Structure formats: C-alpha cells, structure tokens
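S.K.: This is a predicted model, with the sequence first.
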Amino acid sequence: MSRTEGGTAPRPTLAQVAARAGVSLKTASRALGGESYVSEKTLASVLTAAAELDYQRNAAASLLASGRLADSIGLITGDVTNPFYSALAQAIEDEIRPRGMHLSVANSRESAEQEQHVAGDLADRQTTAVITVSAMTDHSGYAQLQARGIPVVFVDRPAENLAADSAVFDNHEGGRLAARHLIEAGHRRIAFIGDYAWLPTYRQRLAGMGEVLDETDAEWRDLLRTDAHDVASSRACMRDLLALDEPPTAVVAGNNRILLGVMEEVAERRDAPAVIGFDDPEWARVLGVSVVTGDVEDLGRQAARLAVARLGDRTRPVETVTVPMRLIARRSTTG
C-alpha cells in the first residue's frame with residue numbers, strides 16, 4: 001500500500017473493502033451497516049475483507065488523529081429505571097468526561113430486538129464506541145459495528161460468540177458467599193428468587209450457590225424461583241414460598257429489584273425468613289438487609305477504560321476485567 005507524504009499509510013476505504021469482497025460499494029455499505037437483507041455469505045465476505053484490510057483499526061486511528069476521540073460513547077442499559085444502571089452510567093461518564101467525551105444512554109427494555117435497533121441507531125449517529133448491558137444471548141451481530149470501526153464493550157454481562165472486551169462482576173463467587181453465609185448461620189431450607197433464567201448473572205450466581213449448598217444437607221432446589229425481573233413478580237414469588245407447608249428459613253434475592261419485592265412481602269410478618277440480596281441499594285443499609293455486592297463505580301470505570309483503550313489500539317488482545325464481590329452481613333441474617 002502506498003504511503004502519504006507524512007510517511008503514514010492512507011486509511012483503507014469502503015471502496016477497497018467492496019473490491020476485495022467482490023461486491024458493489026452499496027452492498028458493502030449495507031453489510032457494514034447491519035441491514036437485515038444482506039445474505040450471510042455476502043456479510044461474511046465483507047467482514048472478512050474489512051478485517052484483512054484493517055478497516056476497523058484505521059477508522060479508530062483516524063478519530064485519534066483528528067482529535068475527535070470518541071466524542072460520544074453510547075451506553076445501552078436493560079432498564080433505565082433501575083438505580084443500578086444510573087450508578088453505572090454515572091461511573092462511565094465520570095471516567096470519560098475528563099477525556100473530552102460525553103455519554104449517550106439508551107434503553108433496550110431487556111429486548112434483544114430493541115437492543116439491536118438501538119445499537120444500529122447509535123452507530124448511525126456516529127457514536128464512536130458502544131458499551132452494552134446486553135439482552136442478547138448471541139452477540140455475533142455486533143461484529144458489524146466492529147467492522148465499521150466502532151468498539152463494543154460488554155458490561156455486567158459478558159460477550160458471547162464475539163471477540164470483545166467485557167467488564168463483569170465475579171458472580172460465581174458472589175453466589176458462593178451468599179450460600180456459605182446462610183449455611184454458617186444454621187439455615188437448611190434456602191430459597192433463591194432469580195432474574196430471567198437466560199441471564200448469565202443469574203446462571204453464575206446460581207452455580208456458585210449450588211457449588212456450596214450441594215455439599216451440605218440443605219434443601220434448596222425445590223425452593224428455586226426464576227423470571228422474577230421486577231418488584232411485582234418477585235413479591236409474588238415470595239408470597240408463594242411463604243404459603244408452603246414448610247416455608248424456607250432463608251431467602252436469597254437475585255438483584256436489587258427482586259430484593260425490594262421480597263422485603264415488601266415480608267415487611268409485616270413476624271415470622272419472616274432471613275433475607276440476603278445481591279446489589280446494595282441505599283434503603284438496604286437503612287433496613288439492615290444483608291447483601292452480596294460489587295463496586296458498581298469500579299465496574300463502570302473499567303468498562304469505560306476498555307472502550308477508550310480499544311479506540312486507541314484496535315489490535316490489543318481482548319480483555320475481560322472481573323470485579324470482585326463481597327458480603328456485607330446485617331441484621332436481616334444475623335439478628
């Protein structure tokens with residue numbers, strides 16, 4: 001490839017990608033734009049050509065050279081009403097603002113279809129990096145954004161079927177911490193009210209709990225409840241558990257919204273079970289609710305750093321940052 005007078009190679013163009021893939025310029029543009037009516041064979045050819053020409057890395061490099069490093073980073077959350085995502089967004093913004101960037105926040109409503117639409121819209125609006133709390137179980141479609149020179153970072157939920165950076169909590173260890181705490185407190189009938197069964201956070205926390213509980217005489221698998229994504233559904237699950245002939249003596253709530261539903265249901269009961277939740281909302285501290293939690297600010301900052309690093313060097317190895325979780329014991333399990 002020829003060099004410019006300054007000694008640097010010119011940035012590969014879309015026309016060069018199209019020529020290498022053996023397709024028209026318009027088809028290459030459609031493929032990299034994520035339009036649904038491009039065939040899988042054509043899409044694969046265009047993505048391969050883009051990678052071979054280093055179309056991705058140089059797109060990011062041109063932003064650096066122009067002084068417009070990630071004018072806007074897009075954050076896709078599952079539910080903007082959840083305080084967890086507000087804290088996450090604040091941490092990301094705190095990390096990128098000193099670099100002259102600003103944050104755009106969009107909501108997928110935990111819909112894979114909506115997330116795909118939002119991601120495409122952010123790309124079309126020249127967002128220079130995307131951070132997502134993904135509602136998808138297969139992230140291979142994000143390769144189209146990567147091929148357009150847009151780094152994609154996964155936060156809270158790791159990338160699946162895609163080479164991309166991730167920042168996540170150590171949810172497996174979090175599950176172990178919750179289970180071990182309740183076993184040591186003498187509980188043997190332990191319920192777990194979890195989020196959507198497809199969520200990796202749910203699966204990892206469940207696996208960690210099972211690793212501990214299955215080594216004891218605890219009864220717990222028949223007390224497992226899933227798909228409690230909001231306060232109302234988690235409260236219904238708690239009501240169902242309390243109506244059993246032999247209710248659980250302890251309950252693990254899978255996230256902050258589930259924990260709120262659980263606490264609302266047990267608030268007026270004198271025979272309430274011990275309760276421990278994941279995440280640490282401010283009201284949990286006031287009510288003395290035990291939690292397993294990670295540093296949300298650290299998680300957000302790590303995700304932002306991964307996005308900035310990927311903009312600066314597209315060839316760096318894919319990285320997963322795992323933020324530890326810790327147990328905070330309060331009177332809901334110790335009193």
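M.R.: Thanks, I have it.
S.K.: if I pick residue 228, what's in contact with it?
M.R.: The neighbours of residue 228, taking Cβ atoms under 8 Å, 6 or more residues apart in numbering as the test, are 193, 194, 195, 234, 236, 237, 254, 258, 261. Heads up, the C-betas are built off the backbone N, CA and C, glycines and all.
S.K.: which ones among the residues you listed are found in helices?
M.R.: In helices, defined here by DSSP state H, the members of the contacts of residue 228 are 234, 236, 237, 258, 261.
S.K.: rewinding a little: now, of the contacts of residue 228, which are buried?
M.R.: By the neighbour-count criterion of 16 or more other Cβ atoms under 10 Å, these include these buried positions: 193, 194, 195, 234, 237, 254, 258, 261.
S.K.: Show me which of these is closest to residue 75.
M.R.: Within the buried ones among the contacts of residue 228, distances to residue 75 taken as Cβ to Cβ reach their minimum at residue 195, with 19.8 Å.
S.K.: pLDDT at the closest one, what is it?
M.R.: Residue 195 is assigned a pLDDT of 95 by the prediction.
S.K.: Going by neighbour count, list what's buried in stretch 90-97.
M.R.: Neighbour-count burial for stretch 90-97, counted by 16+ other Cβ under 10 Å, picks out 91, 92, 93, 95, 96.
S.K.: So the second one belongs to a strand, correct?
M.R.: No: with DSSP: H, G, I helix; E, B strand; the rest coil as the criterion, residue 92 is located in helix rather than a strand.
S.K.: circling back: list just the nearest of the buried residues of stretch 90-97 to residue 72.
M.R.: Closest approach to residue 72 among the buried residues of stretch 90-97 (Cβ to Cβ): residue 96, at 9.4 Å.
S.K.: Show the pLDDT at the nearest residue to the closest one once chain neighbours are set aside.
M.R.: With Cβ to Cβ, 6 or more residues apart in numbering as the criterion, residue 96 has its nearest non-adjacent residue at 5.2 Å, and that residue is residue 304. Turning to residue 304, the model gives it a pLDDT of 97.
S.K.: now do residue 64
M.R.: Looking at residue 64, its pLDDT reads 47.
S.K.: do residue 329 as well
M.R.: Note for residue 329: predicted pLDDT of 98.
S.K.: Likewise for residue 60?
M.R.: In this model, residue 60 is scored at 46, pLDDT.
S.K.: what ranges of this protein fall below the confidence cut-off?
M.R.: Along the chain, the parts satisfying pLDDT under 70 run over 1-11, 33-37, 56-70.
S.K.: how about the strands in it?
M.R.: Under the criterion DSSP state E, strands of the chain are mapped to 72-77, 102-107, 129-132, 152-155, 165-169, 190-193, 224-225, 250-253, 274-278, 290-294, 320-323, 325-328.
S.K.: To residue 139, which of those strands lies closest?
M.R.: With Cβ to Cβ as the measure, strand 152-155 is the member of the strands of the chain nearest residue 139 (7.2 Å).
S.K.: That closest one pairs with which strands, and in what direction?
M.R.: According to DSSP bridges, the neighbouring strands of strand 152-155, each with its direction, are strand 129-132 (parallel), strand 165-169 (parallel).
S.K.: Ok, which of the ones you listed comes nearest residue 281?
M.R.: Judged by Cβ to Cβ, the one of the strands paired with strand 152-155 that comes nearest to residue 281 is strand 165-169, at 15.6 Å.
S.K.: Next, the angle from that closest one to strand 290-294.
M.R.: If you take axes from the mean of the first three to the mean of the last three Cα atoms, to 10 degrees, strand 165-169 sits at 160 degrees to strand 290-294.
S.K.: Specify the angle between strand 165-169 and strand 274-278 in degrees.
M.R.: Between strand 165-169 and strand 274-278, the angle formed by their directions is 160 degrees, by the same axes, to 10 degrees.
S.K.: tell me how far strand 165-169 is from the chain's mean position?
M.R.: Computed by Cα atoms, centre = their mean, to the nearest Å, the separation of strand 165-169 from the middle of its chain amounts to 7 Å.
S.K.: With stretch 152-165 instead?
M.R.: Shown here is stretch 152-165, whose average C-alpha point lies 8 Å from the average C-alpha point of the whole chain (Cα atoms, centre = their mean).
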